[in-house]
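Peer 1: My questions are about this predicted structure, shown below with the sequence.
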Amino acid sequence: MKNKRSYDSIVIRLIISVVIIFIVMMFVTNFLVNRKQLLVMEGVFEQFSENVPSDNKSMVLLVDSAQLQSTSEFKIYTVIVMVGVLLVGSLTFAYIINKTLKPLKNLEEKIAKVDIENPKTFSESFVLEEGPTELKELSEKFDDLIQRIYKDYKRQKDFSSNVAHELRTPIAIMQAQVDVFSRKNTNPNYLDFIETFDANLKRLKKLIDSVLLLSKKNKLNISLINIDDMIDEILFDLEDKAKDRKVKLNYSASNISMHSDDGLLQRLIFNIVENAIKYNKLGGEVDIEAYKEKEGLIIKVSDTGIGISDEKKGEIFDLFYQVDDSRTREGFGIGLSLCKDIGESLGAKIEVVDNESGGSTFLIRFKNI
């Protein structure tokens, strides 16, 4: 078994291949060069024999092989032979390497098909049945690792989804009780309590909805969407929040339509615009633009808020990440992570750059519209 494993090793295979190819190249080169040398010597002998008088009964002919090899014709022939043999040897070695590593290419193709949201892609084993020992062992370790990762991911995802579902009912009941209590009790002493309790219930409901949306990946429902109508609807929904912070919302009609999932696209733009309002300065502005470029469609959301440092721009899309502690009162660090997840589903890329007038600018790039 040990000898079999050694023979199947990539290193052993390549060493044997190199030795065999080198020996064959040396043999072929020497054979062709010596053959050429003999042919040249025979030609010289025949030419000499024709010029020798027929009455000479015996004669000795000496040919210096070193002088013969120094001729330009012989040198050119030797170079051609060496280049040809080297080329054939290199191509043979490349073929052997390609054939030896072919199982690795098959493993790469299997890995490329993996989608953690699609359980069917994990049903096929990643273990290689044929190939060098190192690649078989690598595929076995990878198969074991990927299965454990998927099981852990699925367990956590199911847990968060189940908890969120279980929380929806008591939150809804508490919200209804608060509404009834607020209508029955108009005492000013209870107003602060009711408003605080109601605000926190709404935050919890929003958190639960976000967790549920993160935990499931529905099939896209593609339709033709008018960007102007969608953004007008989003701005209408966020009008009260903008007024509370005295933030001005600016949008100029673009008359652009695109094919996408209506619900997910609206949630993506809504979250980014809401963040631009939430973390803006009092009396600030939010500018929204939609325009086409050669690469596709870009939706641009700029605010005049506190801005984001360069080192934190790459972290703001991480789940539960918040730029600073002062923002914990505003959200849970899920909104932008959800935006990233939705963007990947819709084939969009989200970039964050500094706004020239202060604050931040979010660029949502769509290639296919």
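Peer 2: All right, it came through fine.
Peer 1: count of residues packed around the residue nearest to I306 when sequence neighbours are not counted?
Peer 2: Setting aside the residues directly before and after it, I306 is nearest to Y279 in space (CB to CB, 6 or more residues apart in numbering), at 6.2 Å. Bear in mind the C-beta positions are built from the backbone N, C-alpha and C, glycine included. A count of nearby residues for Y279, using other CB atoms under 10 Å, gives 21.
Peer 1: Y279 reaches T304, doesn't it?
Peer 2: No. With contacts defined as CB atoms under 8 Å, Y279 does not count as touching T304, sitting 10.4 Å away.
Peer 1: And the strands in the stretch 101-250 of the chain?
Peer 2: For the stretch 101-250 of the chain, the strands identified by DSSP state E, counting those that start in this stretch occupy 222-226, 248-251, in order along the chain.
Peer 1: Can you list the strands that the last one pairs with?
Peer 2: What it means is strand 248-251. Each strand that pairs with strand 248-251, with its direction, by DSSP bridges: strand 285-293 (parallel).
Peer 1: try the first one
Peer 2: For strand 222-226, the paired strands and their directions (DSSP bridges) read strand 257-261 (antiparallel).
Peer 1: Map the structural domains onto the sequence of the protein.
Peer 2: Domain ranges of the chain: 2-100, 115-217, 222-366, per automatic domain parsing.
Peer 1: most tightly surrounded among those domains?
Peer 2: Greatest average neighbour count among those goes to domain 222-366 (a mean of 17), per mean count of other CB atoms under 10 Å.
Peer 1: so how far is the first residue of that one from its last?
Peer 2: Across domain 222-366, the straight-line distance between its terminal residues is 14 Å, by CA to CA, to the nearest Å.
Peer 1: right, and the domains of the chain - which one's nearest L107?
Peer 2: Across the domains of the chain, the minimum distance to L107, taken as CB to CB, is reached by domain 115-217, at 5.6 Å.
Peer 1: Determine the longest helix present in this structure.
Peer 2: helix 133-184 (DSSP state H).
Peer 1: sorry, back to before: format the domains of the chain as CSV; extra columns: mean pLDDT and distance to E108.
Peer 2: Formatted as CSV, these follow (pLDDT from 0 to 100; distance: least, CB to CB, whole Å):
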stretch, mean pLDDT, distance to E108
domain 2-100, 73, 14
domain 115-217, 77, 11
domain 222-366, 84, 22
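Peer 1: any residues touching stretch 336-343, and which ones?
Peer 2: The contact list for stretch 336-343, computed with CB atoms under 8 Å, 6 or more residues apart in numbering, reads 210, 213-214, 264-265, 267-268, 271-272, 275, 316-321, 348-350, 364.
Peer 1: Tell me which of those fall in strands.
Peer 2: With strands taken from DSSP state E, the overlap with the contacts of stretch 336-343 comprises A348, K349, I350, I364.
Peer 1: hang on, isn't the second one packed against F317?
Peer 2: No. Because the distance of 11.2 Å does not satisfy CB under 8 Å, K349 is recorded as not touching F317.
Peer 1: Tell me which residue is most central in this structure.
Peer 2: A112 (9.9 Å; CA atoms, centre = their mean).
Peer 1: Against T121, how distant is that one?
Peer 2: Distance, A112 to T121, by CB to CB, to the nearest Å: 10 Å.
Peer 1: now do L39
Peer 2: For L39, the distance to T121 under the criterion CB to CB works out to 64 Å.
Peer 1: do A348 as well
Peer 2: Distance check for A348 against T121: by CB to CB, it reads 23 Å.
Peer 1: what are the ranges of the helices in the stretch 201-350 of the chain?
Peer 2: Under the criterion DSSP state H, counting those that start in this stretch, the stretch 201-350 of the chain contains helices at 227-237, 239-244, 262-278, 310-313, 335-346.
Peer 1: now for these, which one comes closest to S125?
Peer 2: The closest of those to S125 is helix 335-346. By CB to CB, the value is 27.1 Å.
Peer 1: Kindly export stretch 268-281 (C-alpha atoms) in PDB.
Peer 2: Coordinates of each C-alpha in stretch 268-281 appear next as PDB, following Å, rounded to 0.1, in the frame of the first residue of the first chain:
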ATOM      1  CA  LEU A 268     -31.800  48.000  -1.300                       C
ATOM      2  CA  ILE A 269     -32.300  51.700  -2.200                       C
ATOM      3  CA  PHE A 270     -34.600  52.300   0.800                       C
ATOM      4  CA  ASN A 271     -31.900  51.100   3.300                       C
ATOM      5  CA  ILE A 272     -29.200  53.300   1.800                       C
ATOM      6  CA  VAL A 273     -31.400  56.400   1.600                       C
ATOM      7  CA  GLU A 274     -32.600  55.800   5.100                       C
ATOM      8  CA  ASN A 275     -29.000  55.500   6.300                       C
ATOM      9  CA  ALA A 276     -28.200  58.800   4.500                       C
ATOM     10  CA  ILE A 277     -31.000  60.500   6.400                       C
ATOM     11  CA  LYS A 278     -30.300  58.800   9.800                       C
ATOM     12  CA  TYR A 279     -26.600  59.600   9.900                       C
ATOM     13  CA  ASN A 280     -26.900  63.100   8.300                       C
ATOM     14  CA  LYS A 281     -26.400  66.300  10.100                       C
END
